[in-house]
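Participant: A predicted structure for the sequence below; I have some questions about it.
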Amino acid sequence: MSDVSIIDNAIRKVKDFPKKGILFYDITGLLIKQDAFSFCMEKMVKLYENRGITKIAAVEARGFIFASPLALRLNVPLLLVRKKNKLPGEKLTKSYSLEYGEDSIEIHKNDIAPGDNVLVVDDLIATGGTIKAACELLESAGASVEEIFAVIGLPFLDYNSKLARYRISTFINYESE
């Protein structure tokens, strides 16, 4: 058994959700199995301790689940990358294209500063569109993106080409739906 099989075994694979033909990778199974979630968090801490990360950016919404305890353990600030109109006060906004339309993400303007070395965290990387927008938003404020992390990667959706200029780490890659 590989060391990440505890994570893989906890992730539910749900056929035909949210629509027919889609295989959904549900991280809630990982969250209710304390040994699997604890293992995941310990592995994340080991991967990112002593890397000079000054902030962790959590991508809404499931990225919050993994980034929050990591930020606490690494003793660095957590900043939230939210969907449009979810944050009060002065914000920085980035719009990006989706398969059918456009969306926007935001961060609090005062949460990021030039020179910040940021780890971007989400639960899963599919096409990479939202994460790319998050990285570009952080960089527009003068921060550097140290790395992108997700528990799950779906490289068959070709996120690597969209995120080619960034270092990416995942614990599990699923190669097809």
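Facilitator: Alright, I've got the coordinates.
Participant: which stretches of the chain aren't confidently modelled?
Facilitator: Low-confidence segments of the chain, defined by pLDDT under 70: 1-2, 177.
Participant: Tell me where it has helices.
Facilitator: Ranges of helices in the chain, per DSSP state H, are 5-10, 28-32, 34-48, 62-74, 129-140, 159-162.
Participant: Please convert those to a markdown table, extending it with mean neighbour count and distance to residue 54.
Facilitator: Where C-beta positions appear, they are placed from N, C-alpha and C, glycine not excepted. Below are the helices of the chain laid out as a markdown table (neighbours: other C-beta atoms under 10 Å; distance: least, C-beta to C-beta, whole Å):
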| stretch | mean neighbour count | distance to residue 54 |
| --- | --- | --- |
| helix 5-10 | 17 | 27 |
| helix 28-32 | 16 | 27 |
| helix 34-48 | 16 | 12 |
| helix 62-74 | 19 | 10 |
| helix 129-140 | 20 | 11 |
| helix 159-162 | 15 | 25 |
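Participant: could these go into TSV alongside distance to residue 100?
Facilitator: Rendered in TSV, the data for the helices of the chain read as follows (distance: least, C-beta to C-beta, whole Å):
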stretch	distance to residue 100
helix 5-10	31
helix 28-32	27
helix 34-48	33
helix 62-74	22
helix 129-140	12
helix 159-162	17
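Participant: OK, contacts around residue 69?
Facilitator: With contact set as C-beta atoms under 8 Å, 6 or more residues apart in numbering, residue 69 has these partners: residue 41.
Participant: now residue 65
Facilitator: By C-beta under 8 Å, 6+ apart, the contact list for residue 65 reads 27, 31, 123.
Participant: Would you format those residues as CSV with distance to residue 69 included?
Facilitator: Shown next, in CSV, are those (distance: C-beta to C-beta, whole Å):
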residue, distance to residue 69
27, 14
31, 11
123, 13
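Participant: for those residues, which one is nearest residue 77?
Facilitator: Among these, residue 123 lies closest to residue 77 (C-beta to C-beta), at 20.2 Å.
Participant: Please name the nearest non-neighbouring residue to the closest one.
Facilitator: Counting by C-beta to C-beta, 6 or more residues apart in numbering, residue 62 is the residue found nearest to residue 123 once chain neighbours are left out, at 3.8 Å.
Participant: Pull the contacting residues for the closest residue to residue 70 other than its chain neighbours.
Facilitator: For residue 70, ignoring the flanking residues on the chain, the nearest one in space by C-beta to C-beta, 6+ apart is residue 44 at 5.2 Å. By C-beta under 8 Å, 6+ apart, residue 44 lies in contact with 66, 70, 149.
Participant: ok, the residues you listed vs residue 96, which is closest?
Facilitator: The closest of those to residue 96 turns out to be residue 149 (C-beta to C-beta; 19.7 Å).
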